[in-house]
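# The sequence isn't on hand, but the structure is:
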């Protein structure tokens, strides 16, 4: 399989889906939200899976769904917790360019009103700030490219992501 997919990682509310849909349209690629694939496979909402299976059970399902993804010319938006899924992230590195959409914590906090209702994987007693700080090193570890959205409009972010993708893939 060619390394011709664009994979967007980042915190919940970092714009993975919004940026991904527009980038896919501009590139003529399909857009895949792997959280929706998980819900389809499991026939449950993310928050129901987390409630019923616990975090470890959810991550096992997330790892399987993302690790089994077999596509080309796609913009892929996995859930923020995919970075805990080693096999899935290894697979993503093999099939595409991984772009970390970096948004500072204060902006994430503004964008998320109900983390649990959104299906955000929070451990008992963990705050959104704790989660942000815990995930940051993983995003940086797996990213081929980091795009800081500070001071950028959504269109500027999309153009920057696409420019990096094209540079890396020589498209």
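Right, received. Where do you want to start? Everything quoted here is computed from the prediction, not taken from an experiment. Numbers count the residues shown, from 1 in each chain.

# any idea which helix or strand comes after the host helix or strand of residue 23?
Using DSSP states H and E, residue 23 sits within helix 16-27. Using DSSP H and E, the next helix or strand after helix 16-27 towards the C-terminus is strand 30-33.

# next one: the helix or strand following that next one to chain centre, how far?
Using DSSP H and E, the next helix or strand after strand 30-33 towards the C-terminus is helix 34-42. A distance of 14 Å separates the centroid of the chain from that of helix 34-42, by Cα atoms, centre = their mean, to the nearest Å.

# How far away from the center of its chain is the worst-scoring helix or strand of the chain on mean pLDDT?
Lowest mean confidence among the helices and strands of the chain (mean pLDDT, DSSP states H and E): helix 105-111, at a mean of 88. Put simply, helix 105-111 sits 16 Å off its chain's centre (Cα atoms, centre = their mean).

# got the buried residues for it?
For helix 105-111, a neighbour-count test (16 or more other Cβ atoms under 10 Å) marks residue 108 as buried. Any C-beta I mention is one placed from the backbone N, CA and C, and that applies to glycine too.

# what's the answer for stretch 90-103, then?
91-92, 95-103.

# for stretch 50-65, same thing?
So, applying 16+ other Cβ under 10 Å, buried residues of stretch 50-65: 50, 55, 58-59, 61-63, 65.
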